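S.K.: I need the structure of the sequence given here:
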Amino acid sequence: MEENRPLEAGHKASKRKAWVFEEGTSLRFSDFLAGGEARRQFFKHLRKETPRDIRDLLMVFAFKMLPASVVSNIGGFLGRHVIPRRYKVMSARARENFRIIRPEASETQIEAWLEEFADSQGRQRAEYAVMRRLAAKTQNIRFVGTENLVQQCAGQPVIFIGLHLANWEVAWQSLVAMGLELTGSYDPPKRRVHHWLVNRERRRDRLTVLKPGKDAVRPALQTLKDNGNLIVFCDEGFEGKVRAPLFGRPAHLQGNYAFVARLARKTDALLYPIYVTRDRGTHFTFRTVEPFRLPPEDSPGGRLIDDVKLINSVVEPIVAQHVAQWFFVAHRIVPL
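M.R.: Below is the predicted model:
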């Protein structure tokens, strides 16, 4: 694996335009009334999306009537049996990425990770229906390094660096259960019904969900200026590609690493990495990493790439250690 190469003189790190979130398409009776192409698209959406939406809604609300452990076990069973058979490209890419991220791993280890990956994907999706109950069962969550967490956050801006491991929703809910007021940014699911379902579970007392995209920037900054707590998930998959961690690729300014670094520089926020791993079934471990601040810089923005590398140096080893439970492991690790 290559080391991240320093930027040569005159070379600028890649940077993306601000992303503007657009709500997914939905059925509108006005399209039916309009006739022509609008009516044709209305019926196309009706035939293609509505049966899937109804199926997903029925499954979610049926799961809500079951114990959380049963729901999780059903999801794990489906993941282990469906993903290897119906999602062969996903499985092949996960296998390839295991070799990239953990080149020392044996074939036996990789096969075990593939099964754990499928199990984790299935459980995490099914558990959305019982998310609050998962976090409420604190006897099923082992807390490591949280003794002074609330006290450390008092009276100062804090950015929690979250990771998409196991069921990361448990991380949100665990922080809220500790008594913290929490604000979070997120990338929405592609399908409108999934977006509605996720936000329906997330919106609760002491958990403020920001709008996706560039509309989150100002309220996120204001949260920190008010000495609030913001959570940003810094490992990312975007359009089928792994944006972070870097995994030997050059540092860039296209993702949440740079977003977090800029916010931290503007507010002198404490960076507090936290993550959840699955021990077995619905038993989790919530862990913290020693919080830190970005080092001083000589001029505004002068250390931005170094800041990105610093945050990556914290995130990447954790993802690599728990790679089979990483949500984005089936995305492509390619130059950005």
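S.K.: then the longest strand along the chain to PDB, C-alphas only?
M.R.: Longest strand in the chain by number of residues, with DSSP state E as the criterion: strand 270-280. Extracted C-alpha coordinates of strand 270-280, given in PDB (Å, rounded to 0.1, in the frame of the first residue of the first chain):
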ATOM      1  CA  LEU A 270     -12.800  19.300  20.100                       C
ATOM      2  CA  LEU A 271     -12.700  16.300  17.700                       C
ATOM      3  CA  TYR A 272     -14.100  13.200  19.500                       C
ATOM      4  CA  PRO A 273     -13.900   9.900  17.500                       C
ATOM      5  CA  ILE A 274     -16.600   7.300  18.500                       C
ATOM      6  CA  TYR A 275     -17.800   4.100  17.000                       C
ATOM      7  CA  VAL A 276     -19.800   1.000  17.600                       C
ATOM      8  CA  THR A 277     -19.000  -2.600  16.800                       C
ATOM      9  CA  ARG A 278     -21.200  -5.700  16.900                       C
ATOM     10  CA  ASP A 279     -20.000  -8.400  19.400                       C
ATOM     11  CA  ARG A 280     -22.800 -10.900  18.500                       C
END
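S.K.: quick thing: my sequence starts at 881, can you match it?
M.R.: Sounds good: first residue 881 from here, last item strand 1150-1160.
S.K.: which helices and strands sit right next to it?
M.R.: helix 1029-1033, strand 1038-1042, helix 1049-1057, strand 1163-1168, helix 1184-1201 (3 or more C-beta pairs under 8 Å, 6 or more residues apart in numbering; DSSP states H and E). Using the backbone N, CA and C atoms, a C-beta is placed for each residue, glycine as well.
S.K.: average pLDDT across it?
M.R.: The pLDDT scores in strand 1150-1160 average 97.
S.K.: what's the closest of the helices and strands packed on strand 1150-1160 to Lys1091?
M.R.: helix 1049-1057 (16.8 Å; C-beta to C-beta).
S.K.: what residues sit buried inside the closest one?
M.R.: By 16 or more other C-beta atoms under 10 Å, the buried positions in helix 1049-1057 come out as 1049-1056.
S.K.: turn those residues into a markdown table, including pLDDT and distance to Ile981.
M.R.: Formatted as a markdown table, the buried residues of helix 1049-1057 follow (pLDDT from 0 to 100; distance: C-beta to C-beta, whole Å):
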| residue | pLDDT | distance to Ile981 |
| --- | --- | --- |
| Glu1049 | 89 | 24 |
| Val1050 | 92 | 23 |
| Ala1051 | 92 | 21 |
| Trp1052 | 87 | 25 |
| Gln1053 | 87 | 28 |
| Ser1054 | 91 | 26 |
| Leu1055 | 93 | 27 |
| Val1056 | 90 | 31 |
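S.K.: so which of these is the closest to Arg1145?
M.R.: Leu1055 (23.3 Å).
S.K.: with adjacent residues omitted, what lies nearest to the closest one?
M.R.: Leu1062 (5.3 Å; C-beta to C-beta, 6 or more residues apart in numbering).
S.K.: with Phe1172 instead?
M.R.: Nearest one to Phe1172, counting by C-beta to C-beta, 6+ apart, is Leu1151 at 5.5 Å.
S.K.: for the one you found, list each beta-bridge partner.
M.R.: Beta bridges link Leu1151 to Ile1039, Phe1172, judged by DSSP bridges.
S.K.: wouldn't it be in contact with Glu1170 here?
M.R.: No. Contact between Leu1151 and Glu1170 fails when scored by C-beta atoms under 8 Å: they sit 10.0 Å apart.
S.K.: which one of these two is surrounded by more residues?
M.R.: Counting neighbours by other C-beta atoms under 10 Å for Leu1151 and for Glu1170 shows that Leu1151 has the greater number, 23 against 8.
S.K.: residues contacting that one?
M.R.: Counting by C-beta atoms under 8 Å, 6 or more residues apart in numbering, Leu1151 touches 1039, 1041, 1140, 1144, 1171-1174, 1191.
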